[in-house]
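Participant: sequence first, then the predicted structure, then my questions.
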Protein chains: 2
Amino acid sequence: MHNTRILLDRRPVGEPVPEDFRIVEEPLAPLADGELRIRGQWLSLDPYMRGRMNEGKSYVKPVELGAVMCGEVVGEVAESRHPEFAVGDLVAGDLGWQSMPTSNGTGLRKLLPGIPPAAQLSVCGMPGVTAWCGLMLIGAPKAGETVVVSAAAGAVGSVVGQIAKLKGCRVVGIAGGADKCRHVIEDLGFDACIDYKAGRLREDLKAATPNGVDIYFDNVGGEILDTVLARMNPFSRLPVCGLISQYNASEPYGLRNFRSVLVNRIKIQGFIVFDMKEHHRQAVTELAGWLAEGKLKYRESIAEGLRAAPAAFIGLLRGANLGKQLVRL
Amino acid sequence: MHNTRILLDRRPVGEPVPEDFRIVEEPLAPLADGELRIRGQWLSLDPYMRGRMNEGKSYVKPVELGAVMCGEVVGEVAESRHPEFAVGDLVAGDLGWQSMPTSNGTGLRKLLPGIPPAAQLSVCGMPGVTAWCGLMLIGAPKAGETVVVSAAAGAVGSVVGQIAKLKGCRVVGIAGGADKCRHVIEDLGFDACIDYKAGRLREDLKAATPNGVDIYFDNVGGEILDTVLARMNPFSRLPVCGLISQYNASEPYGLRNFRSVLVNRIKIQGFIVFDMKEHHRQAVTELAGWLAEGKLKYRESIAEGLRAAPAAFIGLLRGANLGKQLVRL
């Protein structure tokens, strides 16, 4: 048995390429006392990882060159010298891009019963909790309000819109391409979805939000953020969850409609799900409840095998995925 | 006796010019029942008035063409057929750019005793209350934090910085020109003041904020906002009070450092003092108390006579004033 690991070999300039990663195979070392080994089942791929590939100040430290890429894995305990984990336990944690990771248990959580393991990386995992925290704690939706969310077919956006519908809001998604928009409306139940690639974002947004926008949950930044800013209502809220349009950009987009912040007394707040730990239990409980009641749909895009992770990640940044991007290990 | 009035004659394109205003003299009409006449003493000139000169959606309706320019006046009741106001009462209200305005009492307030009338248009009036509300309610300063304020020598900025000092913060102003910066440091007691006209804003800001920026009270927008964004600390706050750099601009500035909002989980909030009415009494009480204790300094730039108002207002938008811009009627 070997452990396959994918390392950051080079810091990308703009869009990552396969050569920025290095795949290594390592024999399994014997476990030390207090360690356990996990047979990875699923690796989560998420846009935030692009930020970790850069040098320089961000909200967490960058991945070091030559270190394993960061990422959440779910898997089964294959071997254990740790008192709290037994062989056969299903666990999740930030174990990185590897097939048979070793852990000392720090940050490792046991999976919830009755929820598919992969869903504990998406709708009931970090992306779902991110959606819940940003929408409920910053957006604070009220029935009858209009909520817009970008990257609406993605792991976070799809949950944001469905929670907003459960709260009685009018929900408008923004996504790239007709297929994603159809999925967002027909499968996820949004009231409307705008294809930003169709080139009529301003006009389509205006038509889809006749009463303006009360909450814009931003996953993308850039020109889409700028366009939505001009549709915001007085006292509207704008949780900033991600800026995926900017992650590969060498020149940042210049935001021209900031005046709307003053005119409409908008509250804009950047957030990271890790800052809101005291709300995670409530978020997961509610998400799992809705999932069990059939009120929360989700879709997965699955890449086969750890070696497929770099290409799947590059595709994720281009918007090639529908729903949660996973790698089956 | 006549009433002199200054009307909006033309909507400015970019910077206002004297020809955008029209001065008219009108004989005094007899008062109707419930009306009173005020002998104006002081007219307040404020940057927000530039927004009211434009057509189109803003937080309040624009001034109509041919109507009197909006603005707060303090004066003495000269004649009254209103049960609540007697001849000799000192009052303030949005009476517009006129020397002997008539009022039905709506929105008119009696001046507080013991505070100079003109100060009730500045440090203990709308600008002071604006400073208090934005800093205390959105900024929420804690002792030891670093507070940056732009237009630091202006009516709002000068109060923001002094309150922040009273709360135990390190306070850095941004102002245009060496004279203003000297005033901000020597008279107002700020820890530092950066002359943005010196062309080294980024370097000077970095040197003046070795621990980053916890609160940026923005009065100007544009390039200064963009530069400060890059110095903001995690969980910092950014009340947006004004965007004076943009009021005359035909092309809005493109904000490039928005990424900092996500990376640092910044809270940005636009506000207008009129939205925070429930806090005004507390604000005025505290401001008047600090003023009486000599803890709050203020400066006035005074133009003589109502006919000088257009030129003084054009100067205000260029930053020609030091402290509160008033017109002595």
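Facilitator: Alright, I've got the coordinates.

Participant: in a strand, residue A:12, correct?
Facilitator: No. Residue A:12 is assigned coil when assessed by DSSP: H, G, I helix; E, B strand; the rest coil, not a strand.

Participant: can you verify my assumption that it contacts residue A:19?
Facilitator: No. Here residue A:12 does not reach residue A:19: they are 9.3 Å apart, not a contact under Cβ atoms under 8 Å. Bear in mind the C-beta positions are built from the backbone N, C-alpha and C, glycine included.

Participant: and the two? which has more neighbours close in?
Facilitator: residue A:12 (18 against 10; other Cβ atoms under 10 Å in any protein chain shown).

Participant: could you dump the helix or strand bottoming out on mean pLDDT in chain A to PDB, C-alpha only?
Facilitator: Lowest by mean pLDDT, DSSP states H and E among the helices and strands of chain A is helix A:244-247, with a mean of 83. What follows is helix A:244-247, C-alpha atoms only, in PDB (Å, rounded to 0.1, in the frame of the first residue of the first chain):
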ATOM      1  CA  ILE A 244     -13.700  33.800  -7.800                       C
ATOM      2  CA  SER A 245     -13.700  36.100 -10.800                       C
ATOM      3  CA  GLN A 246     -10.600  37.700  -9.300                       C
ATOM      4  CA  TYR A 247      -8.600  34.700  -8.100                       C
END
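
Participant: quick check: beta-bridge partners of residue A:26?
Facilitator: Counting by DSSP bridges, residue A:26 is bridged to residue A:3.

Participant: and the gap between it and chain B?
Facilitator: 34 Å (Cβ to the nearest Cβ, to the nearest Å).

Participant: repeat that for residue A:153.
Facilitator: Using Cβ to the nearest Cβ, which is the criterion applied here, residue A:153 is 21 Å from chain B.

Participant: okay, now the domains of chain A?
Facilitator: A:2-121+A:299-328, A:126-274 (automatic domain parsing).

Participant: residue A:203: neighbour count?
Facilitator: Around residue A:203 there are 11 residues (other Cβ under 10 Å).

Participant: check which helix or strand covers it.
Facilitator: Secondary structure from DSSP states H and E places residue A:203 in helix A:201-208.

Participant: circling back: output the contacting helices and strands for the least confident helix or strand of chain A.
Facilitator: helix A:48-52, helix A:222-229 (3 or more Cβ pairs under 8 Å, 6 or more residues apart in numbering or on different chains; DSSP states H and E).

Participant: list the buried residues of stretch A:207-222.
Facilitator: Buried residues in stretch A:207-222, counting neighbours by 16 or more other Cβ atoms under 10 Å in any protein chain shown, are found at A:208-209, A:212-222.

Participant: same check on stretch A:300-320?
Facilitator: Under the neighbour-count rule (16+ other Cβ under 10 Å), stretch A:300-320 has A:300-301, A:303, A:306, A:309-310, A:312-317, A:319 buried.

Participant: residue of chain A closest to chain B, please.
Facilitator: Closest residue of chain A to chain B, Cβ to the nearest Cβ: residue A:254 (2.1 Å).

Participant: okay, now the closest residue to that residue other than its chain neighbours: neighbour count?
Facilitator: Spatial nearest neighbour of residue A:254, excluding adjacent residues (Cβ to Cβ, 6 or more residues apart in numbering or on different chains): residue B:254 at 2.1 Å. Residue B:254 has 17 neighbouring residues, counting by other Cβ under 10 Å.

Participant: cool, residue A:234 as well?
Facilitator: So residue A:234, with other Cβ under 10 Å, has 14 neighbours.

Participant: on the three-state scheme, it is what?
Facilitator: Secondary structure assignment for residue A:234 (three-state DSSP): strand.

Participant: try residue A:276
Facilitator: Residue A:276 - assigned by three-state DSSP - is helix.

Participant: surely it and residue A:133 touch.
Facilitator: Yes. Assessed by Cβ under 8 Å, residue A:276 is found in contact with residue A:133 at 4.5 Å.

Participant: ok, the two, which is more surrounded?
Facilitator: Per other Cβ under 10 Å, whichever of residue A:276 and residue A:133 has more neighbours is residue A:133, with 24 against 19.

Participant: max-length helix in chain A?
Facilitator: The longest helix of chain A (DSSP state H) is helix A:280-292.

Participant: CA atoms only for that helix, dumped as PDB, please.
Facilitator: Provided in PDB are the C-alpha atoms of helix A:280-292 (Å, rounded to 0.1, in the frame of the first residue of the first chain):
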ATOM      1  CA  HIS A 280     -21.800  25.800  13.100                       C
ATOM      2  CA  ARG A 281     -23.700  23.400  15.200                       C
ATOM      3  CA  GLN A 282     -27.000  25.200  14.500                       C
ATOM      4  CA  ALA A 283     -26.200  25.500  10.800                       C
ATOM      5  CA  VAL A 284     -25.400  21.800  10.400                       C
ATOM      6  CA  THR A 285     -28.500  20.800  12.400                       C
ATOM      7  CA  GLU A 286     -30.800  22.900  10.300                       C
ATOM      8  CA  LEU A 287     -29.200  21.800   7.000                       C
ATOM      9  CA  ALA A 288     -29.400  18.100   8.000                       C
ATOM     10  CA  GLY A 289     -33.000  18.600   8.900                       C
ATOM     11  CA  TRP A 290     -33.900  20.200   5.600                       C
ATOM     12  CA  LEU A 291     -32.000  17.500   3.800                       C
ATOM     13  CA  ALA A 292     -33.800  14.700   5.600                       C
END
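
Participant: other residues contacting it?
Facilitator: For helix A:280-292, the surrounding residues in contact (Cβ atoms under 8 Å, 6 or more residues apart in numbering or on different chains) are A:112, A:114-115, A:119, A:123-124, A:128-129, A:132-133, A:136, A:159, A:162-163, A:166, A:273, A:296.

Participant: if we go to 7 Å?
Facilitator: A:112, A:115, A:119, A:123, A:124, A:128, A:129, A:132, A:133, A:166, A:296 (Cβ atoms under 7 Å, 6 or more residues apart in numbering or on different chains).

Participant: pLDDT (mean, whole number) over that helix?
Facilitator: What helix A:280-292 shows for mean pLDDT is 95.

Participant: which parts of that helix are buried?
Facilitator: Neighbour counts over helix A:280-292 (16+ other Cβ under 10 Å) mark A:283, A:284, A:286, A:287, A:288, A:290, A:291 as buried.

Participant: contacting residues around the closest residue to residue A:127 other than its chain neighbours?
Facilitator: Using Cβ to Cβ, 6+ apart and skipping the chain neighbours, the partner closest in space to residue A:127 is residue A:155 (3.7 Å). Neighbouring residues of residue A:155 by Cβ under 7 Å, 6+ apart: A:122, A:127, A:323, A:324.

Participant: what comes into contact with stretch A:178-192?
Facilitator: Here stretch A:178-192 has contacts from A:152-153, A:158, A:161-162, A:165, A:170-173, A:175, A:193, A:195, A:208, A:297, A:299, A:322, using Cβ under 7 Å, 6+ apart.

Participant: same question for stretch A:47-59.
Facilitator: Here stretch A:47-59 makes contact (Cβ under 7 Å, 6+ apart) with A:8, A:11-12, A:16, A:60, A:62-63, A:69-71, A:242, A:244, A:247-248, A:272, A:313, A:316-317, B:263.

Participant: of those, which belong to strands?
Facilitator: Judged by DSSP state E, strands contain the following of these: residue A:8.

Participant: what sits closest to residue A:8 if chain neighbours are left out?
Facilitator: Nearest one to residue A:8, counting by Cβ to Cβ, 6+ apart, is residue A:63 at 4.8 Å.

Participant: okay, now that neighbour: neighbour count?
Facilitator: Counted with other Cβ under 10 Å, residue A:63 comes out at 22.

Participant: pLDDT at it, what is it?
Facilitator: 95.

Participant: again with residue A:57
Facilitator: Value for residue A:57, per-residue pLDDT: 64.

Participant: great, nothing more from me.
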